[in-house]
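S.K.: Fold the stuff below for me.
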Amino acid sequence: EAIEHIRLIARRKYLGEREQKIADLRGRQVRDAEWLLKGEKLSEGEQKYVELERQLYDVAKRRMEERGRESTDTYAMPDEYDGADKSGQNKRFAVLEQRYEKTYDEQWQPNEQQQLEDATVARGVHKYGAQKGRKEEKER
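M.R.: Numbering: from 1, shown residues only. Now for the predicted structure:
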């Protein structure tokens with residue numbers, strides 16, 4: 001049992017180091033590609049490809065950083081909101097607004113709970129009249 005635990009810890013450490021090495025390599029590849037293609041006239045598809053590569057790298061880095069912040073297992077002292085300086089009020093409201101911020105992908109995706117609620121509301125709403133005809137008018 002102790003050996004399994006040590007093996008698990010070693011595996012996690014290795015995977016963390018490997019992830020960091022791959023991220024560094026990917027960052028260098030993206031920077032090299034941007035440097036090489038800086039003066040070149042690229043087609044729209046090539047520009048889109050380079051931009052997507054950059055976005056993919058940025059999102060991966062951001063997720064790695066956020067994962068590191070979430071994994072704290074210790075108690076963190078709360079911030080002081082009502083101190084001598086009034087900058088604490090902004091922090092107070094930022095905590096409340098966190099859940100409404102968009103994700104790092106800049107596209108809000110409804111979670112499973114939200115999808116269930118939307119489906120329940122849609123089933124509970126009664127619609128009267130000729131729905132088929134209204135749909136055809138909207139498509140025109």
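S.K.: Just the pLDDT for residue 48.
M.R.: Residue 48 is assigned 91 on the pLDDT scale.
S.K.: so how far is residue 55 from it?
M.R.: Using Cβ to Cβ, to the nearest Å, residue 48 is found at 10 Å from residue 55. Using the backbone N, CA and C atoms, a C-beta is placed for each residue, glycine as well.
S.K.: what's the answer for residue 38, then?
M.R.: Residue 38 sits 18 Å away from residue 55, going by Cβ to Cβ.
S.K.: what do you get for residue 90?
M.R.: The gap separating residue 90 from residue 55 is 29 Å, by Cβ to Cβ.
S.K.: Settle it for me: which of the two has more neighbours?
M.R.: Neighbour count, other Cβ atoms under 10 Å: between residue 90 and residue 55, residue 55 has more, with 13 against 9.
S.K.: Which strand or helix spans that one?
M.R.: Taking DSSP states H and E as the criterion, residue 55 maps to helix 44-70.
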